[in-house]
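Structural data only, the sequence is not supplied:
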């Protein structure tokens with residue numbers, strides 16, 4: 001009897017988790033399509049062109065990166081997956097975006113949470129951004145130096 005209860009709970013919990021993810025991802029994908037239609041993405045990404053060039057990333061990486069920076073890994077991942085499926089981002093770009101966002105994601109939420117526990121928000125935010133830029137730029141240099149065979 002316990003096995004059946006465990007199995008039932010596992011299945012229902014899994015379905016609820018999938019439904020929660022769908023509630024997040026489906027609206028994001030709809031918003032992406034609306035933003036593309038009205039060319040909102042181009043307006044937003046044009047403002048970060050210099051930073052992307054420094055990180056040696058294409059213009060198409062801007063929107064997924066901004067989403068990951070401000071809203072977190074889940075939101076950023078939804079956009080990154082969508083952009084990769086559509087062919088906007090290659091493996092090198094995906095790796096660099098992943099490196100950057102692993103260090104500098106959800107900066108608004110994380111900064112507020114850690115500030116509540118006594119962290120200095122300016123130091124925290126500045127350190128995360130600088131480290132993300134340095135490490136991503138170093139990774140780009142190493143990837144470009146080693147050639148296309150590694151990625």
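Happy to help now that I have it. Source: prediction; values computed, not measured. Residues are numbered from 1 along each chain as shown.

shaky segments in the chain?
1, 148-151 (pLDDT under 70).

could you redo the last one with a cut-off of 50?
150 (pLDDT under 50).

Okay, helices next: where are they in it?
Along the chain, the segments classed as helices by DSSP state H run 2-37, 40-45, 49-54, 62-71, 73-85, 91-103, 107-116, 121-146.

what's next to the fifth one, contact-wise?
When you say that, I think you mean helix 73-85. Outside helix 73-85, the residues that touch it by Cβ atoms under 8 Å, 6 or more residues apart in numbering are 21, 24-25, 28-29, 32, 60-61, 63-65, 67-69, 89, 94, 97-98, 101, 105-106. Using the backbone N, CA and C atoms, a C-beta is placed for each residue, glycine as well.

Could I have the buried ones of those residues as ChimeraX selection syntax?
Buried members of the contacts of helix 73-85, defined by 16 or more other Cβ atoms under 10 Å, are picked up in ChimeraX with:
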select :25,28,32,60,61,63,64,65,67,68,69,89,94,97,98,101,105,106
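
Kindly compare burial across the helices of the chain and name the winner.
For the helices of the chain, the largest average neighbour count (mean count of other Cβ atoms under 10 Å) is found in helix 62-71, namely a mean of 22.

Run the angle between that one and helix 91-103 for me.
With axes from the mean of the first three to the mean of the last three Cα atoms, to 10 degrees applied, the angle from helix 62-71 to helix 91-103 works out at 10 degrees.

residues making contact with helix 62-71?
28, 32, 35, 41, 44-45, 48-49, 52, 57, 75-80, 83, 89, 97, 100-101, 104-108.

Now do it against helix 107-116, angle only.
20 degrees.

Distance from helix 62-71 to the middle of the chain?
Chain-centre distance of helix 62-71: 5 Å, with Cα atoms, centre = their mean, to the nearest Å.

how about residue 60, what does it touch?
By Cβ under 8 Å, 6+ apart, the contact set of residue 60 is 45, 83, 88-89, 93.

To clarify, my last question referred to residue 24.
Residues near residue 24 by Cβ under 8 Å, 6+ apart: 74-75, 78.

Next, residue 72: phi, psi?
Main-chain torsions, residue 72, degrees, to the nearest 10: phi 110, psi 170.

was I right about it contacting residue 113?
No. Using Cβ atoms under 8 Å, residue 72 makes no contact with residue 113, being 11.7 Å away.

I'm done for today, thanks for sticking with me.
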